[in-house]
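Asks: Turn this into a structure:
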Amino acid sequence: MVAWTTPRTWTNNETVTDTILNAHVRDNLNAIVNPPYVHVRAASTTTTLGNPTATPIVWDTEVADTDNLYSTSANTRVTVNTAGLYLCQGAYGVASGAVGNHFYVQWMVNGAAINQAGSSVGIGNTVVRSIFVSTSTYVRLYANDYVSLACSFVGTGTPTTRVDIGTYTSWMQLRWMGP
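Replies: Numbers count the residues shown, from 1 in each chain. Now for the predicted structure:
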């Protein structure tokens with residue numbers, strides 16, 4: 001991924017070189033065509049939800065990564081290399097046994113919560129269901145900011161995220177939208 005360069009203001013009688021054109025035209029077009037993007041999921045590792053403290057989800061599978069955002073050595077987050085506005089989307093599924101609990105998901109930037117979305121689950125005392133909690137937001141990020149998707153619940157038991165492939169798979173993606 002080529003970093004975005006703020007386009008220059010051209011002046012009359014300026015000598016244009018290949019270096020100037022490459023940086024301000026070619027490289028910026030390449031940044032638009034192939035923006036930073038990452039998609040990770042939890043394929044085999046579960047995360048135990050915090051009660052009520054948010055716990056970052058552990059990712060173990062990189063589906064796509066155009067800007068080296070994900071590292072297995074920091075598997076609860078992705079680190080931004082290119083500053084800009086990002087569309088952040090993600091979700092997690094909870095295994096059955098979620099009766100009467102309230103589940104939450106929130107975005108964290110550099111370890112601090114930036115928003116919270118929730119799903120209230122009150123499906124009765126005998127019915128056991130799996131649930132899926134999702135969220136999306138736009139966030140202005142800077143180089144070296146790191147982003148996590150965190151889960152929590154209020155209630156009883158020790159629910160964990162699901163790892164099966166399909167409707168309830170936990171996943172997170174970030175897509176650069178522009179400078």
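Asks: just the strands in this structure please.
Replies: Taking DSSP state E as the criterion, the chain carries its strands at 37-41, 55-56, 61-65, 78-79, 84-94, 102-109, 112-120, 131-141, 146-154, 171-178.
Asks: Let me have those strands in CSV, extended by mean neighbour count, distance to Thr19 and mean pLDDT.
Replies: The way it works is simple: take the backbone N, C-alpha and C, and place the C-beta from them, glycine included. Listed next are the strands of the chain as CSV, based on neighbours: other CB atoms under 10 Å; distance: least, CB to CB, whole Å; pLDDT from 0 to 100:
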stretch, mean neighbour count, distance to Thr19, mean pLDDT
strand 37-41, 22, 28, 96
strand 55-56, 18, 42, 95
strand 61-65, 15, 29, 96
strand 78-79, 24, 29, 98
strand 84-94, 21, 23, 92
strand 102-109, 20, 35, 89
strand 112-120, 13, 39, 73
strand 131-141, 16, 28, 88
strand 146-154, 22, 33, 92
strand 171-178, 20, 24, 94
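Asks: Throw those into CSV and include distance to Thr161, thanks.
Replies: Formatted as CSV, the strands of the chain follow (distance: least, CB to CB, whole Å):
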stretch, distance to Thr161
strand 37-41, 10
strand 55-56, 9
strand 61-65, 13
strand 78-79, 17
strand 84-94, 5
strand 102-109, 10
strand 112-120, 14
strand 131-141, 10
strand 146-154, 7
strand 171-178, 10
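Asks: Val25 is nearest to which of those strands?
Replies: Shortest separation from Val25 across the strands of the chain is recorded for strand 171-178, at 16.4 Å, computed as CB to CB.
Asks: domain parsing for the chain?
Replies: 1-34, 36-178 (automatic domain parsing).
Asks: So which of the strands of the chain is nearest Ala31?
Replies: Comparing those by CB to CB, strand 171-178 comes nearest, at 8.1 Å.
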